[in-house]
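**Q** got a predicted structure plus its sequence, pasted below:
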Amino acid sequence: MTLLSLRWLRLALPCVLVAGFASAEPQTLIFSHVVSENTPKGKMALMFKSMIERRMGDQFQVEIYPNTELMDDDEAVDAIAEGRIHFAAPSLSKFQNYTTQLMVYDLPFLFADMDAVERFQGSTAGQALLTHMSEDGILGLSYLHNGLKQLTASRDFSLPEDLAGLRFRIIASDVLQKQFELLNAEPVPMAFSQVYQALADNDIQGQENTWSNIYSQAFYEHQSFMMQSNHGVLDYMVITNTDFWNSLTADQQQEFRFAMEMSVKYGNAVALAKNQNDRAAIASMSGVTLHEPTMEQLAQWQNAMKPLWQEYEPQIG
Ligand code: SIN
């Protein structure tokens, strides 16, 4: 080796090492959500992380922030749009600052069961909704199930008029707001992380959610009366930032899609099992009265809420 090449090596080596070290450092990807790890979404996120790190750990590490540790879901939608975080799975009710079309999921009694939700999501119209916000920076990779929503309150109820005057927590959504106004209840938009304390303080007297969320958040401690109303759906869209997605190679995108597909399948299976098991656990609690409405009662709830379908048709399309 000549003196010249030795000198070049001495000068160049640190640069080569720094460049090599930088490219060897895996990129950290942030996944933010608001529920506990022992929920369909929490478990889906953990499986996604483990698959990505097992298959592409030299390139990516996934940091999950559950339980609103990093931000609530309203902020997460903005943070995805702005590229501040990489993944989130907000409820489909959380997108109204970006689109009116997803309001379809908030319409009461539109989906008879989760099979109907699944069919719609798999249809051309349902799939198109995943990508229709991509110019705003929000790209849907998949839907993820939680389940059908149930009504809970701190006083007994079986008919729509029984809820009059109660303050009901809602996700901030125009449709959900009107739904409770139709019942002469007072809708109170509130972040998920604040609901338990608001129930404990009697700041609100009711809320709507899935069995899995009612159970994992211990809402039953302050909601002695529940109805298996199945009146709405709480599902999620797993989203990423469009520019981040477009910066990936085709092979990386394929790996992410595969990990997403597997972890969503797993999350959906967890959702199904949890909603059955958590319902059974709540039904067996001595402090909780769980009503199963008769067909006639259900028809009254549907009649009370269904005017929303026509009202929102022009906006949703
Ligand atoms: C969630 O399941 O992500 C939270 C839903 C809610 O805000 O009620």
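**A** Okay, I see it.
**Q** how about the helices in the stretch 1-150 of the chain?
**A** Listed in chain order, the helices of the stretch 1-150 of the chain (DSSP state H, counting those that start in this stretch) span 3-24, 40-56, 73-81, 114-122, 124-131.
**Q** the residue in the stretch 151-300 of the chain that the ligand sits nearest to: what's it in contact with?
**A** Nearest to the ligand in the stretch 151-300 of the chain, going by C-beta to the nearest ligand atom, is residue 192, at a distance of 3.5 Å. All C-beta spots, glycine's among them, are computed from the backbone N, C-alpha and C. Counting by C-beta atoms under 8 Å, 6 or more residues apart in numbering, residue 192 touches 34, 35, 68, 72, 73, 171, 213, 217.
**Q** in a markdown table, list the residues you listed along with distance to residue 104 and pLDDT.
**A** Compiled in a markdown table, the contacts of residue 192 are given as follows (distance: C-beta to C-beta, whole Å; pLDDT from 0 to 100):
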| residue | distance to residue 104 | pLDDT |
| --- | --- | --- |
| 34 | 22 | 97 |
| 35 | 23 | 96 |
| 68 | 26 | 97 |
| 72 | 23 | 96 |
| 73 | 19 | 95 |
| 171 | 15 | 97 |
| 213 | 21 | 96 |
| 217 | 26 | 96 |
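**Q** from those, list the ones also adjacent to the ligand.
**A** Among the contacts of residue 192, the ones lying close to the ligand by the criterion of C-beta under 6 Å from any ligand atom are 34, 35, 171, 213.
**Q** is the first one in contact with residue 67, as I believe?
**A** It stands for residue 34. Yes: using C-beta atoms under 8 Å, residue 34 is in contact with residue 67, at 6.8 Å.
**Q** higher neighbour count, the two?
**A** Just comparing residue 34 and residue 67: by other C-beta atoms under 10 Å the higher neighbour count belongs to residue 34, 27 against 14.
**Q** how much space separates that one from residue 254?
**A** Distance, residue 34 to residue 254, using C-beta to C-beta, to the nearest Å: 29 Å.
**Q** could you do residue 298 as well?
**A** Look at residue 298 and residue 254: by C-beta to C-beta, they are 45 Å apart.
**Q** over to residue 240?
**A** 14 Å.
**Q** buried residues in the longest helix belonging to the chain?
**A** Taking DSSP state H as the criterion, the chain has its longest helix at helix 250-283. Of the residues in helix 250-283, 255-256, 259-260, 263-264, 266-268, 270-271, 274-275, 278-279, 282 count as buried by neighbour count, 16 or more other C-beta atoms under 10 Å.
**Q** and residue 302, what does it touch?
**A** Per C-beta under 8 Å, 6+ apart, neighbours of residue 302: 108, 109.
**Q** buried stuff in the helix or strand in which it is found?
**A** Residue 302 belongs to helix 295-305 when assigned by DSSP states H and E. Using 16+ other C-beta under 10 Å as the test for burial, helix 295-305 gives 297, 298, 301, 304, 305.
**Q** what's the burial count for the closest residue to the last one other than its chain neighbours?
**A** Of all residues not flanking residue 305 in the chain, residue 108 sits nearest, at 4.0 Å (C-beta to C-beta, 6 or more residues apart in numbering). The tally of other residues near residue 108 (other C-beta under 10 Å) stands at 24.
**Q** quick one: contacts for residue 108?
**A** Residue 108 makes contact with 179, 231, 232, 302, 305, 306, 308, according to C-beta under 8 Å, 6+ apart.
**Q** pLDDT score for the second one?
**A** Translated: residue 231. pLDDT, residue 231: 98.
**Q** same check on the fifth one?
**A** Per-residue confidence for residue 305 comes out at a pLDDT of 96.
**Q** use 37 as the first number for this chain going forward.
**A** Sounds good: first residue 37 from here, last item residue 341.
**Q** you'd agree it is up against residue 267?
**A** Yes: when contacts are counted by C-beta under 8 Å, residue 341 is listed as touching residue 267 (6.7 Å).
**Q** so what sits against both of those two?
**A** Common neighbours of residue 341 and residue 267 (criterion: C-beta under 8 Å, 6+ apart): 144, 145.
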